[in-house]
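Chemist: Provided below for reference: sequence and predicted model.
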Amino acid sequence: MSSPGRIRAVLIVLSLATVTTAFTSFQPLCTAPTSAVSYVAIPNSRGTIEIVWACVFAIFACTWTVHHPNLPRQRRKGRRGWGENMKCDLRDFWESTKLAFYTIIAPEAIVSVACSELLSAYWILGEHGIHCDEPLNDSDSWTISEIQFANMGGFTTLVEGETPGKAGTLYHLTAFEILNMWEEGRLLKGLPRIDLDELYDRSKCDFFVKTLSVAEILWSVLQVLIRVARNLVVSPLELAVLAFSACACITYALYWMKPKNVYTTIHVPLASPQLVPAADLARYRQHNEVHIVREFLLPPIGCMKAQMHHVRPAGDPLCSVTSLRIPRGSHYANVVPRIAGYFAAALFGGIHAAAWQFPFPSATELCAWRCATIYTAIYGPITFSQDLLLRRHRTVQKSVFCVLTWLYVIARLVIISEMVRTMFYLPTESFMPTWVPEWTTHRHVWAGTRPS
């Protein structure tokens, strides 16, 4: 082997040795009772796996269970069997995984889309004079839950083919589309209705399940607050649980009246299905559909504004990562969901900034954490301000926004990476349990001495 090759080999071995030396472990000595007892107290220490598992489970509850996805594409008639079932299950799992990924990367975007959906439902409720306090047997009354069920793609209609014997096309309709067709007399039986009891039966999450999910999130928050009150060290990962929990509770509040995990639609018969071609039905669809990530990250200017608006093909189900803008609504009404997202981002970054004096592996990482959390918190006001100040300079505005967005992405990646990395460099006080009485976990015991 040549000299340069030997030098490289020695450097590799030394680097591996450094990593191995840096990684240390501690095995707590917690003996089992020698005889039968009625109660065993909590150990006076907690392990790394215990901390990670509790945090991961809480973040899972905040990012997976909080979503209320739209209805998926319906199965074709005659196609059944384990293969079709497996395909549908994998499709639903993939959609849930994407939603969870979006929530981990940008939980404030989910808050924004939930706010947009709720405002859109209330706009339809007021614009068309449909009052939720009217009797249920009134054919011209809808509730917020029914409107949100419609906006999920819960109502479908079948348009017959142009040639005899040709299979018809199934169209998913939103509330805005249904109301336009109803006003023009296109529907056979008037405005479609669904009894609230039936709607709750179709939903896979009732009031008790939602309350249980929120209680699980609040329990994780309580443990962090208890550690703060007892002056115990809180890890950045536990602080992240607090930030995700705050966004999850806001999202749950906005989604409280929306059905969850509904998979089957309700058929809406047309007055003359053979006289309604696809091109005619397509004009009813709502063009103001916005992808949540583009809505939150792209500026509402010029060609980039056109990229945000997603024209859904007529009849296709609404994607679960797509929000409905308020049709013909005022500019300020459509800005509210964006402001809600910025508020959630400020809350998310502000909670992480509470680790201002936390122990980090190095001073550089502590500085990076501070910069990333502060920038996440002020990203919304900065973006909103530059949108107003540079409105007449579109080219400059676009360039500035791109720089701000990339800095935002980098800041979020820094937060995520430091949450994981700091778990291997926690101080000894981090392993003191939350619920054990103070006298059993006195700090001089952790220093290796016995109490006098």
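Modeler: Now that the structure is in, tell me what you want to look at.
Chemist: From what I see, residue 336 and residue 119 are in contact.
Modeler: Yes: if you go by Cβ atoms under 8 Å, residue 336 and residue 119 touch, sitting 6.2 Å apart. C-beta coordinates here come from the backbone N, C-alpha and C atoms, glycine included.
Chemist: who's more crowded, those two?
Modeler: Neighbour tally, residue 336 and residue 119, criterion other Cβ atoms under 10 Å: the higher count belongs to residue 119, 21 against 16.
Chemist: Which pLDDT value does the model give the more buried one?
Modeler: Here, the pLDDT recorded for residue 119 equals 85.
Chemist: Please apply the same query to residue 231.
Modeler: pLDDT for residue 231: 84.
Chemist: Could you count how many residues lie near it?
Modeler: For residue 231, using other Cβ under 10 Å, the count is 9.
Chemist: Let's verify it: helix, strand, or coil?
Modeler: Classification of residue 231 using DSSP: H, G, I helix; E, B strand; the rest coil returns coil.
Chemist: Can you give me the distance of it to residue 425?
Modeler: Remark: distance between residue 231 and residue 425 (Cβ to Cβ, to the nearest Å) = 20 Å.
Chemist: Kindly report the same for residue 118.
Modeler: 42 Å.
Chemist: the more surrounded of those two?
Modeler: In terms of neighbours (other Cβ under 10 Å), residue 118 is the more surrounded of residue 118 and residue 425; the figures are 21 against 14.
Chemist: need the contact list for that one.
Modeler: By Cβ atoms under 8 Å, 6 or more residues apart in numbering, the contact set of residue 118 is 144, 148, 254, 255, 257, 258.
Chemist: how about 6 Å then?
Modeler: Residue 118 sits next to residue 254 when contact means Cβ atoms under 6 Å, 6 or more residues apart in numbering.
Chemist: before we move on, what about the one 3 residues further on?
Modeler: By Cβ under 6 Å, 6+ apart, the residues touching residue 121 are 144, 147, 148.
Chemist: Is the second one in contact with residue 123, as I believe?
Modeler: No: taking Cβ atoms under 6 Å as the definition, residue 147 is not a contact partner of residue 123, at 9.5 Å.
Chemist: So among the contacts of residue 121, which ones count as buried?
Modeler: Among the contacts of residue 121, those that count as buried by neighbour count (16 or more other Cβ atoms under 10 Å) are 144, 147, 148.
Chemist: Low-confidence regions, this structure specifically.
Modeler: 1-23, 74-81, 84, 128-141, 159-168, 188, 204-210, 272-334, 436-452 (pLDDT under 70).
Chemist: any idea where the strands of it begin and end?
Modeler: All strands of the chain, identified by DSSP state E, fall at 155-159, 169-173, 266-267, 289-291, 322-324.
Chemist: Among the contacts of residue 121, which are located in helices?
Modeler: Under the assignment DSSP state H, the contacts of residue 121 contribute 144, 147, 148 to helices.
Chemist: How about the contacts made by the second one?
Modeler: Neighbouring residues of residue 147 by Cβ under 6 Å, 6+ apart: 121, 124, 175.
Chemist: go again using 10 Å as the cut-off
Modeler: By Cβ atoms under 10 Å, 6 or more residues apart in numbering, residue 147 lies in contact with 117-118, 120-125, 128, 130, 132, 174-176, 178-179, 257-258.
Chemist: Buried among the residues you listed? Need that as a selection in PyMOL.
Modeler: The PyMOL selection below is limited to those of the contacts of residue 147 classed as buried (16+ other Cβ under 10 Å):
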select buried, resi 117+118+120+121+123+124+125+128+130+174+175+176+178+179+257+258
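Chemist: so residue 357 makes contact with residue 234?
Modeler: No: under the criterion of Cβ atoms under 10 Å, residue 357 makes no contact with residue 234, lying 11.2 Å away.
Chemist: who's more crowded, the two?
Modeler: residue 234 (20 against 8).
Chemist: Nearest spatial neighbour of that one, chain-adjacent residues omitted?
Modeler: Distances taken as Cβ to Cβ, 6 or more residues apart in numbering place residue 227 nearest to residue 234, at 5.1 Å, with adjacent residues excluded.
Chemist: Please report how far that neighbour lies from residue 123.
Modeler: For residue 227, the distance to residue 123 (Cβ to Cβ) stands at 43 Å.
Chemist: Residue 92 too?
Modeler: Separation of residue 92 from residue 123 (Cβ to Cβ): 30 Å.
Chemist: Show me the helices in the stretch 201-350 of the chain, by range?
Modeler: 207-229, 236-254, 278-282, 292-297, 302-308, 331-352 (DSSP state H, counting those that start in this stretch).
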